[in-house]
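Visitor: got a predicted structure plus its sequence, pasted below:
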Amino acid sequence: MSRRSTPATPLASANPSHAGEASSPLKLSLLLFGVGPTLVDWARAQQWQATPAVVESAATLWEPGQEGAAAYGVDVRFRYTMQGQEYLGQRASLHIGNGNASLYYQQLGERLEAAQRTGTPVPVWVNPAQPTESMADRSLRLDLLALELVVALGFTGCGLGVWWVLLRIWRSQRRGSLPRSAS
């Protein structure tokens with residue numbers, strides 16, 4: 001799933017694109033494409049403007065997991081006006097996708113669902129330089145970020161360990177201390 005902001009679409013066009021998330025053999029990309037872009041998005045969103053939006057649809061997503069655990073997410077579509085043009089946004093939060101931060105996603109989903117039921121406008125964050133970029137919640141979830149960082153560093157450490165062992169074997173073979181396999 002993309003880590004870049006899912007662009008809102010002007011009402012004239014309704015096909016947002018989603019770029020795939022990249023991954024490297026060393027899993028270093030978990031750090032670069034997981035934690036890094038989230039921090040970059042958060043820093044960028046601090047310059048965005050709060051704009052009132054009408055929530056057209058909102059749903060708290062729930063997916064049962066193993067041993068009673070569940071993953072939650074929020075699906076939302078909201079309409080807002082920026083610089084005289086109307087846009088349709090669909091990014092719920094800075095953190096893309098579903099996750100185990102159940103309380104956060106439940107509360108965000110409830111807030112957006114209540115706004116949809118009552119027709120109450122909610123503030124969304126809009127990039128003034130590119131009004132198609134918007135999100136309903138720009139808060140940085142340090143617990144999710146810490147989890148992503150631990151996972152990224154763990155996989156990176158394992159990957160680097162494998163490369164270190166392979167390098168030692170290769171050097172040993174070059175020196176002739178280990179017999180080369182007959183191929």
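Guide: Yep, it's here. As the structure is a prediction and not an experimental result, all values here were calculated from the model.
Visitor: hmm, G84 and P131 touching each other?
Guide: No. The pair P131 / G84 is not scored as a contact, 10.0 Å apart, by C-beta atoms under 8 Å. Glycine gets a C-beta too; all of them are placed from N, C-alpha and C.
Visitor: tell me which of the two has more neighbours.
Guide: Shown here are P131 and G84; by other C-beta atoms under 10 Å, P131 has more neighbours (22 against 6).
Visitor: can you pull the contacts of the more buried one?
Guide: Counting by C-beta atoms under 8 Å, 6 or more residues apart in numbering, P131 touches A8, M82, Q83, Q85, Y87.
Visitor: tell me, how many residues neighbour the closest residue to W42 other than its chain neighbours?
Guide: Nearest in space to W42, with sequence neighbours left out and distances taken as C-beta to C-beta, 6 or more residues apart in numbering, is L140 at 4.6 Å. Using other C-beta under 10 Å, L140 has 16 other residues around it.
Visitor: which SS class is Q130?
Guide: Per DSSP: H, G, I helix; E, B strand; the rest coil, the local secondary structure of Q130 is coil.
Visitor: let's verify Q173: helix, strand, or coil?
Guide: helix.
Visitor: looking at this structure, which strand is longest?
Guide: Secondary structure of the chain per DSSP state E: the longest strand is strand 49-64.
Visitor: for that strand, which positions count as buried?
Guide: T51, A53, V54, V55, A58, T60 (16 or more other C-beta atoms under 10 Å).
Visitor: tell me how far the closest residue to the fifth one other than its chain neighbours lies from R175.
Guide: Counting by C-beta to C-beta, 6+ apart, L112 is the residue found nearest to A58 once chain neighbours are left out, at 3.8 Å. Taking C-beta to C-beta, to the nearest Å as the measure, L112 falls 64 Å from R175.
Visitor: cool, Q46 as well?
Guide: 54 Å.
Visitor: in a helix, V151, correct?
Guide: Yes. The assignment for V151 (three-state DSSP) places it in a helix.
Visitor: so what pLDDT did it get?
Guide: What the model reports for V151 is a pLDDT of 70.
Visitor: distance of R171 relative to W163?
Guide: 12 Å.
Visitor: do the same with G119
Guide: G119 is 57 Å from W163, by C-beta to C-beta.
Visitor: list the buried residues of stretch 122-133.
Guide: V122, V124, W125, V126, N127, P131, T132, E133.
Visitor: and the helix or strand harbouring G36, what's buried?
Guide: Here G36, judged by DSSP states H and E, is contained in helix 36-45. Within helix 36-45, the residues scored as buried using 16+ other C-beta under 10 Å are P37, T38, D41, W42, A45.
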